[in-house]
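In: I would like to see how this sequence folds:
(one chain, ligands or ions: 3)
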Amino acid sequence: MTGVLTTPDLLPVVRTRPELRAALLGAESVGLVPTMGYLHTGHATLIEQARRENEVVVVSVFVNPLQFGAGEDLSRYPRDLERDRAVALAAGADLIFHPDANHMYPAGFASSVDVGDVAQALEGASRPGHFGGVATVVMKLLNMVGAGGRPADRAYFGEKDWQQLMVVRQMVRDLNHPTQIVGVPTVRLGEGAAAGLALSSRNSYLNPAHLARAAVLSRALRAVQAAYTSGETGVPALLQAGHRVLESESELTLDYLTLVDEHLQPVESLTAAPAGAEQAVSTSEQPQWPSTPHNADMFRLLIAARLFGVRLIDNMPLGITTDTPAHAPAGTAGP
Ligand SMILES: Nc1ncnc2c1ncn2[C@@H]1O[C@H](COP(=O)(O)OP(=O)(O)OP(=O)(O)O)[C@@H](O)[C@H]1O
Ligand SMILES: CC(C)(CO)[C@@H](O)C(=O)[O-]
Ligand code: BAL
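Out: Numbers count the residues shown, from 1 in each chain. Ligands and ions are numbered 1, 2, ... in the order given. So this is what the prediction gives:
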(Lines give C-alpha, C1' and ligand atoms only; values in the text may rest on other atoms or scores of the structure.)
(Ligands and ions follow the chains in the order given, each with its own letter.)
Protein backbone atom coordinates (compact mmCIF):
# COMPACT_ATOMS: atom_id res chain seq x y z
CA MET A 1 0.00 0.00 0.00
CA THR A 2 1.42 3.42 -0.86
CA GLY A 3 0.94 6.99 0.22
CA VAL A 4 -2.70 7.57 1.13
CA LEU A 5 -2.96 5.95 4.54
CA THR A 6 -0.50 8.14 6.41
CA THR A 7 -2.96 9.84 8.83
CA PRO A 8 -2.27 13.36 7.57
CA ASP A 9 -3.36 16.54 9.37
CA LEU A 10 -4.72 17.73 6.10
CA LEU A 11 -6.42 15.33 3.77
CA PRO A 12 -4.42 14.70 0.57
CA VAL A 13 -6.01 15.97 -2.61
CA VAL A 14 -5.21 14.40 -5.98
CA ARG A 15 -6.35 15.83 -9.27
CA THR A 16 -5.53 13.30 -11.96
CA ARG A 17 -6.06 9.64 -12.78
CA PRO A 18 -2.32 8.77 -12.64
CA GLU A 19 -2.05 10.33 -9.16
CA LEU A 20 -5.10 8.38 -8.07
CA ARG A 21 -3.74 5.14 -9.46
CA ALA A 22 -0.49 5.63 -7.53
CA ALA A 23 -2.28 6.55 -4.31
CA LEU A 24 -4.62 3.56 -4.43
CA LEU A 25 -2.00 1.00 -5.45
CA GLY A 26 -2.44 -2.18 -3.43
CA ALA A 27 -5.67 -1.14 -1.68
CA GLU A 28 -7.82 -4.18 -0.93
CA SER A 29 -11.09 -2.30 -1.23
CA VAL A 30 -11.97 1.23 -2.25
CA GLY A 31 -15.16 3.03 -1.26
CA LEU A 32 -16.06 6.09 -3.32
CA VAL A 33 -18.27 8.94 -2.11
CA PRO A 34 -19.09 11.10 -5.16
CA THR A 35 -19.96 14.71 -4.27
CA MET A 36 -20.00 18.19 -5.69
CA GLY A 37 -18.31 19.49 -2.55
CA TYR A 38 -19.35 22.06 0.05
CA LEU A 39 -19.58 19.11 2.36
CA HIS A 40 -22.09 18.91 5.20
CA THR A 41 -23.23 16.27 7.65
CA GLY A 42 -25.18 14.42 4.97
CA HIS A 43 -21.94 13.88 3.08
CA ALA A 44 -20.14 13.03 6.31
CA THR A 45 -22.64 10.25 6.97
CA LEU A 46 -21.89 8.73 3.57
CA ILE A 47 -18.16 8.96 4.27
CA GLU A 48 -18.55 7.39 7.72
CA GLN A 49 -20.40 4.45 6.25
CA ALA A 50 -17.78 4.06 3.52
CA ARG A 51 -15.10 4.17 6.26
CA ARG A 52 -16.72 1.20 8.03
CA GLU A 53 -16.93 -0.88 4.86
CA ASN A 54 -13.71 -0.25 2.91
CA GLU A 55 -9.98 -0.19 3.40
CA VAL A 56 -9.61 3.12 1.56
CA VAL A 57 -12.22 5.87 1.27
CA VAL A 58 -12.07 8.41 -1.56
CA VAL A 59 -14.34 11.45 -1.70
CA SER A 60 -14.65 12.99 -5.14
CA VAL A 61 -15.32 16.72 -5.24
CA PHE A 62 -16.31 17.76 -8.73
CA VAL A 63 -18.97 20.25 -9.77
CA ASN A 64 -19.93 18.43 -12.91
CA PRO A 65 -20.81 20.86 -15.71
CA LEU A 66 -22.54 18.12 -17.72
CA GLN A 67 -25.42 17.86 -15.26
CA PHE A 68 -26.29 21.57 -15.16
CA GLY A 69 -28.69 23.05 -17.68
CA ALA A 70 -28.42 26.50 -19.21
CA GLY A 71 -29.49 29.07 -16.63
CA GLU A 72 -28.86 26.76 -13.67
CA ASP A 73 -26.45 27.54 -10.84
CA LEU A 74 -23.20 26.00 -12.17
CA SER A 75 -21.16 29.18 -11.78
CA ARG A 76 -22.44 30.10 -8.33
CA TYR A 77 -22.56 26.56 -6.90
CA PRO A 78 -20.83 26.83 -3.47
CA ARG A 79 -17.20 25.75 -3.38
CA ASP A 80 -14.74 25.54 -0.45
CA LEU A 81 -12.08 22.86 -0.86
CA GLU A 82 -10.26 23.61 2.41
CA ARG A 83 -13.47 23.18 4.39
CA ASP A 84 -14.21 20.01 2.42
CA ARG A 85 -10.81 18.60 3.39
CA ALA A 86 -11.55 19.19 7.06
CA VAL A 87 -15.05 17.67 6.94
CA ALA A 88 -13.93 14.66 4.90
CA LEU A 89 -10.93 14.04 7.16
CA ALA A 90 -13.08 14.21 10.30
CA ALA A 91 -15.53 11.74 8.78
CA GLY A 92 -12.75 9.27 8.02
CA ALA A 93 -11.84 9.79 4.35
CA ASP A 94 -8.33 8.98 3.13
CA LEU A 95 -8.21 11.09 0.01
CA ILE A 96 -10.06 13.69 -2.03
CA PHE A 97 -10.19 13.34 -5.79
CA HIS A 98 -10.68 16.82 -7.19
CA PRO A 99 -10.22 16.75 -10.95
CA ASP A 100 -10.72 19.75 -13.15
CA ALA A 101 -13.24 19.71 -15.95
CA ASN A 102 -10.57 19.31 -18.66
CA HIS A 103 -9.28 16.18 -16.98
CA MET A 104 -12.76 14.66 -16.86
CA TYR A 105 -13.81 15.88 -20.29
CA PRO A 106 -10.72 16.41 -22.44
CA ALA A 107 -10.98 17.76 -25.95
CA GLY A 108 -12.70 15.14 -28.10
CA PHE A 109 -14.72 13.63 -25.26
CA ALA A 110 -17.94 12.44 -26.90
CA SER A 111 -19.62 9.57 -25.04
CA SER A 112 -22.57 9.68 -22.66
CA VAL A 113 -24.65 7.28 -20.62
CA ASP A 114 -28.42 7.25 -21.18
CA VAL A 115 -30.32 5.22 -18.58
CA GLY A 116 -33.75 5.43 -20.22
CA ASP A 117 -37.16 6.05 -18.66
CA VAL A 118 -36.14 6.30 -15.02
CA ALA A 119 -34.22 9.45 -15.93
CA GLN A 120 -37.02 11.11 -17.88
CA ALA A 121 -39.71 11.97 -15.32
CA LEU A 122 -39.64 14.29 -12.28
CA GLU A 123 -36.12 15.78 -11.98
CA GLY A 124 -35.40 14.59 -15.51
CA ALA A 125 -38.44 16.45 -16.85
CA SER A 126 -37.63 19.64 -14.93
CA ARG A 127 -33.92 19.46 -15.67
CA PRO A 128 -33.55 18.06 -19.21
CA GLY A 129 -30.20 16.35 -19.70
CA HIS A 130 -29.47 16.35 -15.97
CA PHE A 131 -29.37 12.60 -15.43
CA GLY A 132 -27.41 11.99 -18.62
CA GLY A 133 -24.74 14.22 -17.09
CA VAL A 134 -25.00 12.50 -13.70
CA ALA A 135 -24.84 8.98 -15.17
CA THR A 136 -21.89 9.86 -17.38
CA VAL A 137 -19.79 11.38 -14.61
CA VAL A 138 -20.72 8.65 -12.12
CA MET A 139 -19.72 5.94 -14.60
CA LYS A 140 -16.39 7.69 -15.12
CA LEU A 141 -15.80 8.13 -11.39
CA LEU A 142 -16.64 4.50 -10.63
CA ASN A 143 -14.10 3.44 -13.24
CA MET A 144 -11.40 5.92 -12.27
CA VAL A 145 -11.48 5.54 -8.48
CA GLY A 146 -10.44 1.95 -7.95
CA ALA A 147 -7.31 -0.01 -7.10
CA GLY A 148 -5.25 -2.23 -9.37
CA GLY A 149 -7.20 -1.43 -12.52
CA ARG A 150 -10.53 -2.40 -10.89
CA PRO A 151 -13.44 0.01 -10.55
CA ALA A 152 -14.40 1.24 -7.07
CA ASP A 153 -15.62 -1.64 -4.92
CA ARG A 154 -18.49 0.35 -3.40
CA ALA A 155 -20.00 3.77 -4.05
CA TYR A 156 -22.23 5.68 -1.63
CA PHE A 157 -25.22 7.84 -2.59
CA GLY A 158 -27.73 9.70 -0.44
CA GLU A 159 -31.41 8.85 -0.47
CA LYS A 160 -31.97 12.62 -0.42
CA ASP A 161 -31.48 12.43 -4.20
CA TRP A 162 -33.83 9.47 -4.53
CA GLN A 163 -34.24 9.54 -8.30
CA GLN A 164 -30.47 9.88 -8.72
CA LEU A 165 -30.01 6.75 -6.62
CA MET A 166 -32.51 4.90 -8.82
CA VAL A 167 -30.75 6.12 -11.96
CA VAL A 168 -27.35 4.96 -10.72
CA ARG A 169 -28.73 1.58 -9.66
CA GLN A 170 -30.38 1.13 -13.07
CA MET A 171 -27.13 2.05 -14.81
CA VAL A 172 -24.93 -0.44 -12.96
CA ARG A 173 -27.58 -3.18 -13.31
CA ASP A 174 -28.06 -2.64 -17.03
CA LEU A 175 -24.37 -2.30 -17.82
CA ASN A 176 -23.16 -5.12 -15.51
CA HIS A 177 -20.96 -2.72 -13.65
CA PRO A 178 -19.30 -4.43 -10.65
CA THR A 179 -19.37 -1.50 -8.19
CA GLN A 180 -21.81 -2.08 -5.36
CA ILE A 181 -24.15 0.91 -4.98
CA VAL A 182 -24.99 1.74 -1.37
CA GLY A 183 -27.90 4.07 -0.51
CA VAL A 184 -27.68 6.07 2.71
CA PRO A 185 -30.71 7.59 4.54
CA THR A 186 -31.27 11.33 4.44
CA VAL A 187 -29.76 13.46 7.18
CA ARG A 188 -32.04 16.28 8.39
CA LEU A 189 -31.75 19.19 10.75
CA GLY A 190 -32.89 17.75 14.06
CA GLU A 191 -33.71 20.88 16.02
CA GLY A 192 -34.41 24.59 15.72
CA ALA A 193 -36.77 26.51 13.49
CA ALA A 194 -35.73 24.55 10.39
CA ALA A 195 -36.03 21.11 12.03
CA GLY A 196 -36.78 18.41 9.50
CA LEU A 197 -35.12 20.20 6.59
CA ALA A 198 -32.96 17.82 4.56
CA LEU A 199 -29.33 18.95 4.55
CA SER A 200 -28.27 20.13 1.11
CA SER A 201 -25.39 22.22 -0.20
CA ARG A 202 -27.92 24.50 -1.87
CA ASN A 203 -29.38 25.35 1.55
CA SER A 204 -26.41 27.71 1.78
CA TYR A 205 -28.24 30.02 -0.65
CA LEU A 206 -30.91 30.64 2.04
CA ASN A 207 -30.76 32.78 5.19
CA PRO A 208 -31.93 31.35 8.54
CA ALA A 209 -35.47 32.72 8.22
CA HIS A 210 -35.81 31.26 4.74
CA LEU A 211 -34.37 27.93 5.87
CA ALA A 212 -37.05 27.70 8.54
CA ARG A 213 -39.67 28.28 5.86
CA ALA A 214 -38.03 25.70 3.58
CA ALA A 215 -38.71 23.06 6.23
CA VAL A 216 -42.28 23.18 4.90
CA LEU A 217 -41.21 20.55 2.32
CA SER A 218 -40.49 17.95 4.99
CA ARG A 219 -43.59 18.97 6.97
CA ALA A 220 -45.70 18.34 3.89
CA LEU A 221 -44.20 14.88 3.44
CA ARG A 222 -44.79 14.10 7.12
CA ALA A 223 -48.40 15.23 6.76
CA VAL A 224 -48.91 12.69 3.99
CA GLN A 225 -47.31 9.99 6.13
CA ALA A 226 -49.58 10.95 9.02
CA ALA A 227 -52.67 10.81 6.82
CA TYR A 228 -51.64 7.37 5.63
CA THR A 229 -51.00 6.00 9.10
CA SER A 230 -54.36 7.42 10.21
CA GLY A 231 -56.00 5.14 7.68
CA GLU A 232 -56.36 7.28 4.54
CA THR A 233 -55.72 5.12 1.47
CA GLY A 234 -56.90 7.32 -1.39
CA VAL A 235 -53.83 8.66 -3.15
CA PRO A 236 -55.40 12.03 -4.10
CA ALA A 237 -56.56 12.54 -0.50
CA LEU A 238 -53.13 11.61 0.81
CA LEU A 239 -51.39 14.07 -1.45
CA GLN A 240 -54.00 16.69 -0.54
CA ALA A 241 -52.79 16.45 3.07
CA GLY A 242 -49.37 17.54 1.80
CA HIS A 243 -50.80 20.28 -0.41
CA ARG A 244 -52.67 21.73 2.59
CA VAL A 245 -49.35 22.19 4.40
CA LEU A 246 -47.66 23.65 1.32
CA GLU A 247 -50.47 26.19 0.88
CA SER A 248 -49.37 27.80 4.16
CA GLU A 249 -46.14 28.96 2.43
CA SER A 250 -46.89 31.85 0.10
CA GLU A 251 -43.40 31.96 -1.41
CA LEU A 252 -43.38 28.34 -2.54
CA THR A 253 -43.76 27.30 -6.16
CA LEU A 254 -44.37 23.58 -6.31
CA ASP A 255 -42.83 21.57 -9.11
CA TYR A 256 -44.20 18.19 -8.02
CA LEU A 257 -45.51 16.29 -5.03
CA THR A 258 -46.07 12.67 -5.97
CA LEU A 259 -46.18 9.12 -4.71
CA VAL A 260 -44.15 6.64 -6.77
CA ASP A 261 -43.35 2.96 -6.72
CA GLU A 262 -39.89 1.39 -6.89
CA HIS A 263 -39.81 2.02 -10.66
CA LEU A 264 -40.64 5.70 -10.07
CA GLN A 265 -44.07 5.17 -11.61
CA PRO A 266 -46.93 7.13 -10.01
CA VAL A 267 -48.92 5.04 -7.52
CA GLU A 268 -52.64 5.29 -8.15
CA SER A 269 -54.06 3.15 -5.33
CA LEU A 270 -52.86 1.31 -2.25
CA THR A 271 -54.07 -0.70 0.71
CA ALA A 272 -54.56 0.58 4.25
CA ALA A 273 -51.74 0.78 6.77
CA PRO A 274 -52.12 -2.00 9.32
CA ALA A 275 -53.31 -1.15 12.83
CA GLY A 276 -50.42 0.20 14.90
CA ALA A 277 -48.63 1.77 11.95
CA GLU A 278 -48.95 5.24 13.48
CA GLN A 279 -47.01 4.14 16.51
CA ALA A 280 -44.41 2.47 14.32
CA VAL A 281 -43.77 5.72 12.49
CA SER A 282 -42.98 7.67 15.61
CA THR A 283 -41.05 5.09 17.58
CA SER A 284 -39.11 2.85 15.26
CA GLU A 285 -36.71 3.02 12.37
CA GLN A 286 -37.80 -0.39 11.08
CA PRO A 287 -41.08 -1.52 9.51
CA GLN A 288 -43.29 -3.06 12.17
CA TRP A 289 -45.49 -5.06 9.84
CA PRO A 290 -44.87 -7.78 7.26
CA SER A 291 -44.61 -6.95 3.58
CA THR A 292 -47.77 -7.01 1.53
CA PRO A 293 -48.11 -6.37 -2.20
CA HIS A 294 -48.95 -2.77 -1.32
CA ASN A 295 -46.66 -2.27 1.63
CA ALA A 296 -46.14 1.46 2.03
CA ASP A 297 -42.47 0.74 2.53
CA MET A 298 -42.15 0.25 -1.24
CA PHE A 299 -43.67 3.62 -2.05
CA ARG A 300 -41.87 6.92 -1.94
CA LEU A 301 -43.18 10.45 -1.64
CA LEU A 302 -41.15 12.86 -3.73
CA ILE A 303 -41.30 16.63 -3.69
CA ALA A 304 -39.53 19.43 -5.58
CA ALA A 305 -40.24 23.11 -5.12
CA ARG A 306 -38.73 26.52 -5.58
CA LEU A 307 -38.52 28.85 -2.59
CA PHE A 308 -36.80 32.24 -2.52
CA GLY A 309 -35.17 31.45 -5.87
CA VAL A 310 -33.74 28.09 -4.77
CA ARG A 311 -34.90 24.73 -6.07
CA LEU A 312 -35.06 22.12 -3.31
CA ILE A 313 -35.99 18.45 -3.36
CA ASP A 314 -36.92 15.98 -0.66
CA ASN A 315 -38.50 12.55 -0.28
CA MET A 316 -39.68 10.10 2.33
CA PRO A 317 -41.14 6.62 2.37
CA LEU A 318 -44.93 6.65 2.64
CA GLY A 319 -45.18 4.49 5.72
CA ILE A 320 -42.13 4.81 7.90
CA THR A 321 -39.03 6.89 8.29
CA THR A 322 -35.42 5.78 8.38
CA ASP A 323 -33.92 9.25 8.23
CA THR A 324 -31.06 10.31 10.45
CA PRO A 325 -30.93 13.55 12.47
CA ALA A 326 -27.86 15.70 11.89
CA HIS A 327 -25.19 15.15 14.51
CA ALA A 328 -22.03 16.75 13.16
CA PRO A 329 -19.52 19.07 14.73
CA ALA A 330 -20.35 22.76 14.71
CA GLY A 331 -19.99 24.32 11.32
CA THR A 332 -20.80 21.22 9.33
CA ALA A 333 -24.31 20.28 10.48
CA GLY A 334 -25.87 23.41 9.11
CA PRO A 335 -27.13 23.91 5.68
N1 LIG B 1 -29.00 15.38 3.65
C2 LIG B 1 -28.37 14.37 3.05
N3 LIG B 1 -28.42 13.14 3.58
C4 LIG B 1 -27.78 12.09 2.97
N5 LIG B 1 -27.10 12.21 1.82
C6 LIG B 1 -27.03 13.41 1.25
C7 LIG B 1 -27.65 14.55 1.83
N8 LIG B 1 -27.41 15.62 1.04
C9 LIG B 1 -26.68 15.17 0.01
N10 LIG B 1 -26.44 13.85 0.13
C11 LIG B 1 -25.75 12.99 -0.83
O12 LIG B 1 -24.43 13.43 -0.99
C13 LIG B 1 -24.01 13.11 -2.31
C14 LIG B 1 -23.42 14.32 -2.93
O15 LIG B 1 -24.43 15.28 -3.07
P16 LIG B 1 -24.16 16.78 -3.45
O17 LIG B 1 -22.72 17.07 -3.39
O18 LIG B 1 -24.92 17.16 -4.65
O19 LIG B 1 -24.79 17.52 -2.20
P20 LIG B 1 -26.20 18.07 -2.01
O21 LIG B 1 -26.27 18.56 -0.63
O22 LIG B 1 -27.19 17.08 -2.49
O23 LIG B 1 -26.15 19.30 -2.95
P24 LIG B 1 -27.31 20.02 -3.72
O25 LIG B 1 -27.77 21.05 -2.77
O26 LIG B 1 -26.59 20.52 -4.88
O27 LIG B 1 -28.34 19.01 -4.09
C28 LIG B 1 -25.25 12.62 -3.06
O29 LIG B 1 -25.24 11.20 -3.08
C30 LIG B 1 -26.36 13.13 -2.20
O31 LIG B 1 -27.55 12.37 -2.28
C1 LIG C 1 -23.49 12.11 -7.85
C2 LIG C 1 -22.90 13.47 -8.20
C3 LIG C 1 -21.63 13.71 -7.40
C4 LIG C 1 -22.52 13.45 -9.67
O5 LIG C 1 -21.98 14.67 -10.05
C6 LIG C 1 -23.92 14.59 -7.96
O7 LIG C 1 -25.04 14.45 -8.76
C8 LIG C 1 -24.29 14.73 -6.53
O9 LIG C 1 -23.50 15.35 -5.81
O10 LIG C 1 -25.35 14.24 -6.09
N1 BAL D 1 -27.32 16.49 -5.52
C2 BAL D 1 -27.81 16.56 -6.88
C3 BAL D 1 -26.89 17.24 -7.79
C4 BAL D 1 -27.54 18.32 -8.59
O5 BAL D 1 -28.57 18.86 -8.16
O6 BAL D 1 -27.04 18.68 -9.64
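
In: Run through the bridge partners of the residue of the stretch 151-300 of the chain found nearest ligand 1.
Out: The nearest approach of the stretch 151-300 of the chain to ligand 1 comes at G158, 2.2 Å away (CB to the nearest ligand atom). In this view, the C-beta of every residue, glycine as well, is placed from N, C-alpha and C. Beta bridges link G158 to V184 when assigned by DSSP bridges.

In: what helix or strand is P106 on?
Out: Per DSSP states H and E, P106 falls between elements, in no helix or strand.

In: separation between it and R17?
Out: Going from P106 to R17 by CB to CB, to the nearest Å gives 11 Å.

In: So for these two, which residue has more residues nearby?
Out: Neighbours around P106 and R17, counted as other CB atoms under 10 Å, are more numerous at R17. The numbers are 16 against 8.

In: List the contacts of the residue nearest to that one when sequence neighbours are not counted.
Out: Excluding the flanking residues, the one nearest R17 by CB to CB, 6 or more residues apart in numbering is M144, at 5.5 Å. Residues near M144 by CB atoms under 8 Å, 6 or more residues apart in numbering: R17, L20, F97.

In: which of the residues you listed lies closest to ligand 2?
Out: Of those, the one sitting nearest to ligand 2 (CB to the nearest ligand atom) turns out to be F97, at 11.1 Å.

In: Neighbours of that closest one, how many?
Out: 25.

In: Let's verify A23: helix, strand, or coil?
Out: Counting by DSSP: H, G, I helix; E, B strand; the rest coil, the backbone at A23 sits in helix.

In: Would you confirm that it contacts L11?
Out: No: A23 lies out of contact with L11 (CB atoms under 8 Å); the separation is 11.7 Å.

In: Now do the shared contacts for the two.
Out: L95.

In: what about the residue of the stretch 151-300 of the chain closest to ligand 1, how many neighbours?
Out: 22.

In: Give me the pLDDT for it.
Out: Turning to G158, the model gives it a pLDDT of 98.

In: Next: A280.
Out: Looking at A280, its pLDDT stands at 39.

In: do the same with P151
Out: pLDDT for P151: 98.

In: mind listing what it touches?
Out: Residues in contact with P151 (CB under 8 Å, 6+ apart) are L142, N143, V145, H177, P178, T179.

In: Out of the residues you listed, which sit inside helices?
Out: Secondary-structure check on those using DSSP state H: residues within helices are L142, N143.

In: Kindly reformat the contacts of P151 as TSV containing distance to A304 and pLDDT.
Out: Shown next, in TSV, are the contacts of P151 (distance: CB to CB, whole Å; pLDDT from 0 to 100):
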residue	distance to A304	pLDDT
L142	26	98
N143	30	98
V145	29	97
H177	28	98
P178	32	98
T179	28	98
